[in-house]
Structure formats: C-alpha cells, structure tokens
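*Asks:* missing the sequence, but the structure's below:
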Ligand code: PLP
C-alpha cells in the first residue's frame with residue numbers, strides 16, 4: 001500500500017521535521033570515509049578509563065547489581081557528587097533532593113530544557129557554542145537568542161548580556177558553557193561574578209554546562225552556582241574528566257523544586273541510569289581526583305604544541321585555557337568559507353577538523369581542532385596542514 005506508507009513517512013513531529021540533523025556530524029561522517037585521514041574532530045578524550053574505575057563497573061556486574069536504580073540515580077553516586085561539588089566548589093547540594101544522575105551531560109541538558117521552557121520563551125546562548133543546544137531549544141518551541149562573542153575575545157561580556165536581556169524580555173534561561181566548546185575559553189572568577197551580578201536581577205535560570213571543569217590549564221574553575229544557587233542548574237559529568245564518554249554518566253544539581261520538575265522529565269525519558277556505569281562513576285568521584293590531573297598534564301603539552309604550530313603555519317588562534325580544542329581562524333589569503341576549507345583540507349591533506357559555522361554566530365571562518373589525539377598524530381597532522389597551506393595559500 002504505497003499511499004499509506006507515504007502518509008506514514010510524513011507523519012513525524014512537526015518541530016522535529018524542522019530541525020536540521022547535526023551538520024557537524026554529517027561533515028564528520030563524510031570526512032571519516034577518506035583513507036589515511038587523521039581526525040582532529042573528535043570531542044572525546046583519547047585516554048583509557050582508569051583501572052580502579054573499570055574494576056568498580058566489573059564488581060557491580062559480578063555482584064548482580066541488575067535492578068532498576070532509583071530514578072534520580074543511585075544514592076551512593078548522588079552522595080559522591082554532592083561531596084565532590086562540596087570539595088571542589090564549596091557548593092552544598094543535598095544528595096536526596098538536589099541532584100539527578102543523567103545519561104551523560106547530554107540528557108541533563110535535554111531534560112532541563114524540556115522541563116523549564118515553554119513555546120515562545122527565549123534562551124540566550126553565547127556563541128560560538130556547543131551545537132547540541134540549538135536543536136534541543138528548537139524542539140521545545142523556544143527561541144534561540146545568539147550573542148556573538150567573536151568580537152569580545154570569545155567571552156560573554158556583561159554589556160552584551162545586559163543588552164540581550166533588555167532586548168529579549170521573554171528570556172527564561174541563559175546557557176553558559178565554560179571551559180567552552182569549541183574555543184577552550186575559561187571564564188575567570190571576576191568574569192563569572194560580573195555576569196552573576198546582572199543575572200541575579202532577572203527572573204531567569206542559568207543552565208551552566210561545566211562538563212570540562214576538570215580540564216583547566218591556567219586557573220581554577222569557578223562555578224556560577226557559587227554565586228547564583230537559586231537560579232543555576234549546574235550540569236557536569238565524568239565523560240571528559242575520566243575519559244568515560246561511553247559509560248554515559250552525567251548529572252545536574254539545582255534547588256529542590258527545580259530538581260523535582262526535571263526529575264519527572266528525566267524519568268519519562270530514561271527511567272534511570274545504568275547500574276554498572278553508576279558504580280564506576282561513584283568510584284571516579286570518590287577516589288579519582290588525581291585522574292583528570294594526569295590528563296591535564298598531557299593535554300597541556302599538546303595544547304602548547306598545536307597552538308604554536310598553528311600560529312607558525314599562519315592561523316590565528318583563540319588561546320585555550322581549558323577543554324581540548326583550539327579554535328583557529330582560517331588565514332586571510334584563503335578567502336574561503338570554513339566548510340570549503342575544511343573539506344579541502346580533508347581531501348588534500350587528509351586532516352579532519354570541524355568547520356566553525358556549525359557552532360553558531362561568530363564561528364564562521366574558523367576551524368575547531370581537537371587535541372585529544374596522540375602526539376604522533378598531532379605532529380603528522382600539523383606537518384600535513386603546513387604543506388597544504390604552503391601549496392594552496394600561495395606562500
Ligand atoms: N556539553 C558539552 C559542552 C560538550 O562538549 C559535550 C560533549 O562533547 C557534552 C555536553 C556531552 O557530554 P556527555 O558525553 O556527557 O553527554
């Protein structure tokens with residue numbers, strides 16, 4: 001019955017139909033087909049999960065820990081998160097009422113946005129930013145207000161935030177992500193304080209995505225939740241800190257009433273997180289403070305190397321203070337858009353990176369390189385890029 005099939009094919013949620021599939025992922029899929037490609041496009045650590053963390057997952061399976069966990073996540077993990085946030089940020093979240101364990105930070109973001117937004121609300125997003133926020137906001141029916149930070153050293157300034165809040169009275173939520181994907185920019189305590197002084201005057205939430213907070217190079221991370229506990233939904237997880245992206249454990253912390261609402265959405269979507277992954281994350285947070293520090297030593301060397309090489313080759317870079325990305329401006333002589341440039345680089349030099357336009361306003365003309373890759377790959381990739389730029393850039 002082809003007519004019936006045709007009708008069913010077009011029977012999808014209207015908002016979902018409108019949302020474009022991830023341009024970044026599509027580009028990456030194309031690039032991945034190229035033989036001998038060195039991909040500096042991945043947003044995940046290249047380290048192994050620490051041995052003590054793996055053993056905790058194994059022990060959980062062997063002990064037949066196989067029943068549904070509490071919806072908000074296992075109590076030992078919520079306690080570990082609470083103690084971790086206290087130890088690292090001097091924050092006080094009650095493990096019983098103010099923390100939810102989620103399926104990666106991704107689900108914390110999705111559950112939060114679906115719980116708090118109504119159609120027609122506005123959401124301020126400093127850009128370039130992690131691309132996942134855009135489709136989720138659109139799916140809720142809310143509107144994205146991009147604030148381009150490319151002219152202000154890739155940080156949201158108090159002036160730009162005030163202007164956006166004044167011009168968009170339907171703003172219900174502000175998204176912050178620092179250290180920032182894709183620029184690696186970290187916000188100092190003074191920068192966070194200046195933003196908090198504005199935000200506290202408005203009845204808005206802050207979704208603060210701090211998933212890279214353990215991967216900082218120059219200054220300690222300072223959570224905005226310390227200044228705005230009533231307004232902040234603090235989101236983080238162990239994906240980046242403990243190289244556990246595939247374990248899928250993130251979390252959110254917020255005031256009790258907010259957590260109650262978000263927990264409803266979370267339970268509808270996922271019921272509860274996986275037990276063995278929760279056991280591993282509990283171990284990582286209770287006994288794994290040294291693990292990310294070891295990674296930071298490795299990433300810092302790579303950051304210095306890749307930034308120096310890109311600058312030598314002719315790219316201006318945003319100085320990364322955290323995460324594992326360098327955001328680099330395509331040299332002027334190319335006069336090319338970032339999609340074209342990145343595609344040529346992939347085809348001719350066999351180096352994969354991520355075109356900047358997918359990260360929103362201010363990203364066009366830039367490329368994101370991830371240095372979560374081996375020293376050998378980074379060295380070879382930089383040599384290939386250098387050759388490409390010399391040949392194609394007419395230098
Ligand atoms: N938030 C940011 C800023 C990210 O860069 C990523 C992953 O790249 C995530 C959230 C998703 O984290 P998870 O793998 O824990 O879902």
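*Replies:* Structure's in. What do you need? Predicted model only: the values in this text are computed from it and were never measured.

*Asks:* can you count the residues close to the residue of the stretch 1-150 of the chain found nearest the ligand?
*Replies:* Closest approach of the stretch 1-150 of the chain to the ligand (C-beta to the nearest ligand atom) occurs at residue 104, with a separation of 2.5 Å. C-betas here are computed from N, CA, C, even on glycine. Each residue near residue 104 was counted by other C-beta atoms under 10 Å, and the total is 22.

*Asks:* SS state for residue 212?
*Replies:* Three-state assignment for residue 212 (DSSP: H, G, I helix; E, B strand; the rest coil): coil.

*Asks:* what sits against the residue of the stretch 1-150 of the chain closest to the ligand?
*Replies:* Residue 104 sits next to 237, 239, 245, 248, 249, 250 when contact means C-beta atoms under 8 Å, 6 or more residues apart in numbering.

*Asks:* The last one and residue 106 touch, don't they?
*Replies:* The reference is to residue 250. Yes - with contacts defined as C-beta atoms under 8 Å, residue 250 counts as touching residue 106 at a distance of 6.9 Å.

*Asks:* For those two, indicate the residue with more neighbours.
*Replies:* Between residue 250 and residue 106, residue 250 has the larger neighbour count (other C-beta under 10 Å), namely 25 against 18.

*Asks:* With the flanking residues excluded, which residue is spatially nearest to that one?
*Replies:* residue 237 (3.0 Å; C-beta to C-beta, 6 or more residues apart in numbering).

*Asks:* Could you measure from residue 280 over to the ligand?
*Replies:* From residue 280 over to the ligand the distance is 13 Å, taken as C-beta to the nearest ligand atom, to the nearest Å.

*Asks:* I misspoke; the intended subject was residue 258.
*Replies:* Applying C-beta to the nearest ligand atom, the value for residue 258 to the ligand is 19 Å.

*Asks:* Report the secondary structure state of that residue.
*Replies:* For residue 258, the assignment made with three-state DSSP gives helix.

*Asks:* ok, now residue 17?
*Replies:* Per three-state DSSP, the local secondary structure of residue 17 is helix.

*Asks:* what sits against the closest residue to residue 299 other than its chain neighbours?
*Replies:* For residue 299, ignoring the flanking residues on the chain, the nearest one in space by C-beta to C-beta, 6+ apart is residue 324 at 5.3 Å. By C-beta under 8 Å, 6+ apart, the residues touching residue 324 are 45, 184, 215, 299, 302, 303, 370, 371, 372.

*Asks:* now do residue 377
*Replies:* Residue 377 is in contact with 38, 40, counting by C-beta under 8 Å, 6+ apart.

*Asks:* Just to be sure, it is in a strand?
*Replies:* No - secondary structure assignment (three-state DSSP) places residue 377 in helix, not in a strand.

*Asks:* Any idea how far stretch 23-34 is from the middle of the chain?
*Replies:* 19 Å (C-alpha atoms, centre = their mean, to the nearest Å).

*Asks:* for the record, mean pLDDT for it?
*Replies:* Along stretch 23-34, the predicted local confidence has a mean pLDDT of 88.

*Asks:* And stretch 322-341, by the same measure?
*Replies:* 92.

*Asks:* and the end-to-end length of that stretch?
*Replies:* Start and end residues of stretch 322-341 are separated by 26 Å (C-alpha to C-alpha, to the nearest Å).

*Asks:* gap between the residue nearest to residue 250 and the ligand?
*Replies:* 4 Å.

*Asks:* Quick check, that residue in contact with residue 108.
*Replies:* Yes - taking contacts as C-beta under 8 Å, residue 237 lies within contact range of residue 108: 7.2 Å.

*Asks:* can you count the residues close to the residue nearest to residue 250?
*Replies:* The local packing of residue 237 (other C-beta under 10 Å) involves 28 other residues.

*Asks:* now swap in residue 24 and tell me
*Replies:* The number of residues packed near residue 24 is 20, by other C-beta under 10 Å.

*Asks:* Up against the ligand, what does the stretch 151-300 of the chain have?
*Replies:* Counting by C-beta under 6 Å from any ligand atom, the positions of the stretch 151-300 of the chain adjacent to the ligand are 177, 181, 209, 211, 237, 239, 245, 250.

*Asks:* The closest residue to the ligand within the stretch 201-350 of the chain sits in which helix or strand?
*Replies:* Of all residues in the stretch 201-350 of the chain, residue 239 sits closest to the ligand, with a separation of 3.4 Å (C-beta to the nearest ligand atom). For residue 239, there is no host helix or strand (DSSP states H and E).
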